[in-house]
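Asks: following is a predicted model, sequence given first.
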Amino acid sequence: MNVTRKEQRIIQRALNAWQASGELTPSDSQRLAQTMRVSPFDWRRLSRYAFWTALACVLISLGSLFADSELVAWLLSLFSHTALMRILLPALLAVVCYGWGFRRQRRETQWHYSTEAILFLGVVFTAVALWQLGERLDNGSGHIAPLFLAGCVIYGAIGYIARSGLVWLFFLLALGNWFGAETGYVSGWGAYWLGMNYPIRFVLFGGALLALCYGAQSLLRQRQLFTVSKAMGLTYLFIALWIMSIFGNYDADSWYQVSQARLLPWGLLFAVAAGVCIFISLKTDDGMLRGFGLTFLAINLYTRFFEFFWNGMHKVLFFLILAVSLAVIGRYAERIWHAGEGQVEKNKLALRTLTTQAALSRGLFSSLIPVLAHFSAIGCK
């Protein structure tokens, strides 16, 4: 089995613990340890990072393309004689990428990251095709939500069938864009929809997405899509809560006249949501919930610190307090880290002690058996 150095250390630590507790004999532990082949370099991680960087470069390249109006005009002029070609060509390229990715996924399962990159190219070409479709159907109404909904259908189907977390991520992003665009269009692009501004809308959207994620947990786990769905639901929810704690349920014009005291309940609601997330994580031992809860609780506290003291406190004292608080957090995290290491050492020592006591007990019992047998024989006589 090929493992990295980090994985080898973890597995070896487990083998040593099992050997110390008597669950493995020394020969079995040595035999299992010899089956590991340590890779001198983590090529899997390099492959993942290389493909991620390549995809980021593709996005930067596309952004640079759209920023160059002359280049965009030249490319559009190549297909100016027919608008359908500007739609069909990227759509055809997207179909080719999806088909190629599905074929590699079935026949060459070992090429996971390259297959994800091919499917991502399909996502990009799909977005270009939808953009050109929107240009073709534009009637000046500004109703772009159906394009995002079409993207949701395509990305959702591809991500679900291919079990691709990356494509599923774009489905969830397109879903959020559709929700924002649709509610904005229905409200006439005003500040409120059903009495809610954008942050509160997305608080409800993130909560609904999380509820659906947990409701369809077994199905999403079968398709390996539960983790990315939960992460995106939490991201939508907590970013919306953070923005809501700053702006409340006010529009841009009235927000400037609102005092900080009137915005404080929204910050308290944000803190309660983070606290509930931390509480659930402690009950369920959910690392993702704990990470989101602690991170956004800290963001909430520091946001309130900036809101209340940035204007009224001297900057020397302001940043000194900020530095001390961060140092305290770092010190506390360091203590937890060392406490965890100490607990591991205590567990190892306890296992060794129990093993030694068990061995002594077995030896003492074995030595007493002949003596007891001798006295039993005398008693029988």
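Replies: Thanks, I have it. Computed from a predicted model, the values in this text were never measured in an experiment. Numbering: from 1, shown residues only.

Asks: tell me where the model's unsure across the stretch 251-381 of the chain.
Replies: Where the stretch 251-381 of the chain drops to pLDDT under 70, the residues are 333, 336-381.

Asks: what do you get if the cut-off is 80, keeping everything else the same?
Replies: Scanning the stretch 251-381 of the chain for pLDDT under 80 picks out 251-262, 307-315, 318-319, 322, 325-326, 329-381.

Asks: could I get the full set of helices for it?
Replies: Counting by DSSP state H, counting those that start in this stretch, one finds helices in the stretch 251-381 of the chain at the ranges 252-255, 260-284, 287-309, 315-380.

Asks: what's the third one packed up against?
Replies: Same thing as helix 287-309. helix 226-247, helix 260-284, helix 315-380 (3 or more C-beta pairs under 8 Å, 6 or more residues apart in numbering; DSSP states H and E). In this view, the C-beta of every residue, glycine as well, is placed from N, C-alpha and C.

Asks: and the second one, how far out from the chain's middle?
Replies: Mean C-alpha position of helix 260-284 versus that of the full chain (C-alpha atoms, centre = their mean, to the nearest Å) differs by 20 Å.

Asks: for residue 202, see how far away the residue nearest to residue 201 when sequence neighbours are not counted is.
Replies: Distances taken as C-beta to C-beta, 6 or more residues apart in numbering place residue 183 nearest to residue 201, at 5.8 Å, with adjacent residues excluded. According to C-beta to C-beta, to the nearest Å, residue 183 and residue 202 sit 10 Å apart.

Asks: what's the answer for residue 322, then?
Replies: Residue 322 is 29 Å from residue 202, by C-beta to C-beta.

Asks: who's in contact with residue 15?
Replies: Applying C-beta atoms under 8 Å, 6 or more residues apart in numbering to residue 15 gives the contacts 24, 29, 32, 33.

Asks: residue 97: which of those is nearest?
Replies: residue 32 (42.5 Å; C-beta to C-beta).

Asks: point me to the helix or strand that includes the closest one.
Replies: helix 26-34 (DSSP states H and E).

Asks: who's in contact with stretch 264-272?
Replies: With C-beta under 8 Å, 6+ apart, stretch 264-272 has contacts from 241-242, 244-246, 248-249, 296-297, 300-301, 303-304.

Asks: if we use 10 Å, what do you get?
Replies: 199-200, 203, 238, 240-250, 260, 296-297, 299-301, 303-304, 307-308 (C-beta atoms under 10 Å, 6 or more residues apart in numbering).

Asks: so residue 195 makes contact with residue 204?
Replies: No: Residue 195 is not in contact with residue 204 according to C-beta atoms under 10 Å; the separation is 11.8 Å.

Asks: comparing those two, which residue is more hemmed in?
Replies: With neighbours defined as other C-beta atoms under 10 Å, residue 195 and residue 204 compare such that residue 204 has more, 15 against 7.

Asks: which residue sits closest to that one, ignoring its sequence neighbours?
Replies: Excluding the flanking residues, the one nearest residue 204 by C-beta to C-beta, 6+ apart is residue 196, at 7.5 Å.

Asks: check the gap between that neighbour and residue 251 for me.
Replies: 11 Å.

Asks: these two: which is more packed in?
Replies: Applying other C-beta under 10 Å to residue 196 and residue 251 shows that residue 196 carries more neighbours, namely 17 against 13.

Asks: show me the contacts for the more buried one.
Replies: With contact taken as C-beta under 10 Å, 6+ apart, residue 196 is in contact with 183, 187, 202, 203, 204, 244, 249.

Asks: identify the bridge partners of the closest residue to residue 186 other than its chain neighbours.
Replies: Leaving aside its sequence neighbours, residue 186 sits nearest to residue 193 (C-beta to C-beta, 6+ apart; 6.3 Å). Beta-bridge pairing for residue 193 (DSSP bridges): residue 196.

Asks: please tell me the pLDDT value assigned to residue 193.
Replies: Listed pLDDT for residue 193 reads 84.

Asks: so which of residue 183 and residue 202 has more stuff around it?
Replies: Each of residue 183 and residue 202 has its neighbours counted (other C-beta under 10 Å); residue 202 has more, 23 against 19.

Asks: how does the protein divide into domains?
Replies: Per automatic domain parsing, the structural domains of the chain span 1-40, 43-190.

Asks: who wins for proximity to residue 317 among those?
Replies: Per C-beta to C-beta, nearest to residue 317 of these: domain 43-190, 40.3 Å.

Asks: ok so, going back, just to check, the residue nearest to residue 186 is in contact with residue 181?
Replies: No: between residue 193 and residue 181 there is no contact under C-beta under 10 Å: 11.5 Å.

Asks: chain center to stretch 292-305, what's the gap?
Replies: Going by C-alpha atoms, centre = their mean, the spacing between the C-alpha centre of stretch 292-305 and its chain's C-alpha centre is 18 Å.

Asks: nope, stretch 250-257 is what I was after
Replies: How far stretch 250-257 lies from its chain's middle: 33 Å, per C-alpha atoms, centre = their mean.

Asks: I'd like the distance between the residue nearest the centre of the chain and residue 301.
Replies: In the chain, the residue lying closest to the centroid (C-alpha atoms, centre = their mean) is residue 231, at 4.4 Å. According to C-beta to C-beta, residue 231 stands 23 Å off from residue 301.

Asks: cool, and residue 179?
Replies: The value you get for residue 179 to residue 301, if C-beta to C-beta is used, is 29 Å.

Asks: so the two - more neighbours on which side?
Replies: residue 179 (21 against 13).

Asks: before we move on, back to that, can I get the helix holding residue 32 in PDB? Just the C-alpha atoms.
Replies: The C-alpha trace of helix 26-34 is given here as PDB (Å, rounded to 0.1, in the frame of the first residue of the first chain):
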ATOM      1  CA  PRO A  26       4.400  -8.000  17.600                       C
ATOM      2  CA  SER A  27       4.800 -10.200  14.600                       C
ATOM      3  CA  ASP A  28       1.400  -9.200  13.200                       C
ATOM      4  CA  SER A  29       2.200  -5.500  13.800                       C
ATOM      5  CA  GLN A  30       5.500  -5.900  12.000                       C
ATOM      6  CA  ARG A  31       3.900  -7.800   9.100                       C
ATOM      7  CA  LEU A  32       1.300  -5.000   8.700                       C
ATOM      8  CA  ALA A  33       3.900  -2.300   8.900                       C
ATOM      9  CA  GLN A  34       6.000  -3.900   6.200                       C
END
